[in-house]
Structure formats: structure tokens, C-alpha cells
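[1] Return a 3D structure for these sequence lines:
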Amino acid sequence: MNWRLSNLDKVVLVSNSDAHSLQNLGREANVFDLDKPSFKEIYELIRGKDKGKFLFTIEFFPEEGMYHFDGHRDCDVSFAPVETKKHKNICPKCKKPLTIGVLNRVDNLSDRKLETVDKNKFIPYESLIPLSEIIAECFSVGKNSKKVQAEYFNLTTAGKNEFNVLLNLEIEELKKITLPKIAEAIKRVREGRVDLTPGFDGRYGKIRIFSEAEQDNNSQASLF
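    Down below sits the predicted model:
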């Protein structure tokens with residue numbers, strides 16, 4: 001979204017997660033290819049926008065944020081900015097002002113459309129879903145359940161670490177260390193093939209990898 005503001009073109013955007021909880025530490029990160037890791041080397045590659053060493057940032061999907069879209073939670077009304085403008089910032093149900101979200105603010109500040117941005121000018125990014133959340137959806141249980149935690153540690157032990165599992169291991173390698181459905185889920189996340197329901201007015205967004213029909217037909221994680 002920041003790429004839509006031309007005034008930020010001169011700024012190198014980095015991405016860091018805040019430590020609200022230990023399990024979310026690293027949900028956002030910067031990927032560097034360093035010769036001899038040091039403050040000086042990191043400083044120089046950021047200042048110089050060195051795409052040979054600053055490979056990409058890792059992000060969560062912004063739609064998950066609780067104020068991505070505009071809306072009114074009490075009325076279950078959620079709008080993209082274009083719909084908000086049609087309704088003149090007013091909730092069509094209760095006639096009160098909508099809570100305006102982040103995307104709307106970006107629209108107001110931006111001076112170009114995302115599709116017109118030359119992405120080659122910027123450090124690229126990868127949008128990921130935490131591994132525990134991927135496993136939880138595959139098992140249709142909570143991410144803190146013992147079943148999810150057991151599979152999480154199985155995968156991160158066999159795959160060395162979470163980022164290696166999410167980003168690097170070949171799908172056939174993943175199938176050797178986990179269920180085929182989990183391997184397929186990781187593949188879909190890498191390809192951006194997820195269903196996003198943006199958050200609004202203090203309600204977190206929702207993200208799904210598999211459709212309801214797939215989940216209904218696959219309650220034991222054996223579809224793939």
C-alpha cells in the first residue's frame with residue numbers, strides 16, 4: 001500500500017513484527033544475504049537499496065488487520081473505500097458515520113494506482129500465514145491445540161525452522177514430513193491463493209486457505 005505514495009519512493013521500507021506475543025515474533029521480518037553480518041553491512045544495504053543483499057520482506061496479509069476496510073461492526077457492514085464513497089461515509093443500516101479504515105486512508109493519500117507501480121524499483125515482499133495457523137486450518141482446530149503444536153514441532157524440527165518450511169522446502173519434500181493437505185496449504189499460501197475477508201471497525205479479518213466445501217469433504221485432512 002505504501003508503494004502508492006510516490007513521496008515514499010525514496011524510502012526503503014523494512015518490516016518488523018512487534019513482540020505482543022512470543023509466537024508472533026518474526027511474523028514480519030527482513031531477509032538479508034550477508035557476507036559478514038554487521039551493523040555497517042546492514043546499514044549500507046538498506047541505504048543503497050541493495051536488492052542483491054536485501055532480498056525481500058516477510059509480511060502478513062494486511063486484510064487481517066482489524067481496521068483494513070471501512071465499516072460498522074454493530075451493523076455487520078463492511079465496505080471497500082469505493083463503496084464507502086457511494087454511501088457518503090454513512091452506514092446504510094443505522095445511518096451513523098462509518099469507522100474509516102486504513103485502506104481508505106491510503107486511497108486518500110495516494111497519487112497512483114497499485115497496478116501502475118513499477119515494482120522493480122522496490123524491495124519485494126512475501127505474504128505468509130504463520131505455520132501454526134496453516135496447520136490449525138488443516139485440522140479444523142484451534143492453533144493452540146496440542147494436535148497443532150505437535151505437528152508444528154514435527155515440521156520445524158524436520159524442516160530446520162518455520163521460515164524454511166514456509167518458504168524454501170520443495171512441496172515433495174514437505175509431503176515426506178507432513179500430511180499432504182498441509183503441504184498443499186503451504187503451496188497455496190506461497191502462491192497467494194487464499195480467501196481474504198478484510199477486517200473492519202475493530203474486527204479482525206479472516207483468511208482461509210481451503211473453501212468450506214473442501215473442509216466439509218476433508219474433515220480428516222486426507223483430501224490431497
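
[2] since we're on residue 168, how many residues are nearby?
    11 (other CB atoms under 10 Å). From N, CA and C alone the C-beta is placed, and that goes for glycine too.

[3] Please apply the same query to residue 13.
    13.

[4] List the contacts of the residue lying closest to residue 56 once chain neighbours are set aside.
    Of all residues not flanking residue 56 in the chain, residue 124 sits nearest, at 4.6 Å (CB to CB, 6 or more residues apart in numbering). Contact analysis of residue 124 by CB atoms under 8 Å, 6 or more residues apart in numbering lists 55-57.

[5] can you tell me which of the residues you listed are in strands?
    55-57 (DSSP state E).

[6] before we move on, back to that, regarding the residue nearest to residue 56, what are the backbone dihedral angles?
    For residue 124, the backbone dihedrals (degrees, to the nearest 10) come out as phi -70, psi 170.

[7] Could I get the pLDDT score of it?
    pLDDT, residue 124: 94.

[8] Now the element after the longest helix along the chain, going C-ward?
    For the chain, the longest helix by residue count, based on DSSP state H, is helix 146-158. Helices and strands here follow DSSP states H and E; after helix 146-158, the next one along the chain is helix 162-163.

[9] got the contact list for that following helix?
    Residues from elsewhere that reach helix 162-163, judged by CB under 8 Å, 6+ apart: 26, 29, 58, 130-131, 156.

[10] same thing but at 6 Å, please
    131, 156 (CB atoms under 6 Å, 6 or more residues apart in numbering).

[11] what about that helix, average pLDDT?
    Mean predicted lDDT for helix 162-163 stands at 94.

[12] for stretch 59-71, same thing?
    95.

[13] Equivalent analysis for stretch 177-192, please.
    The model assigns stretch 177-192 a mean pLDDT of 97.

[14] which residues in the protein form strands?
    Counting by DSSP E, the strands of the chain are 29-32, 54-59, 70-72, 77-79, 125-127, 195-197, 206-208.
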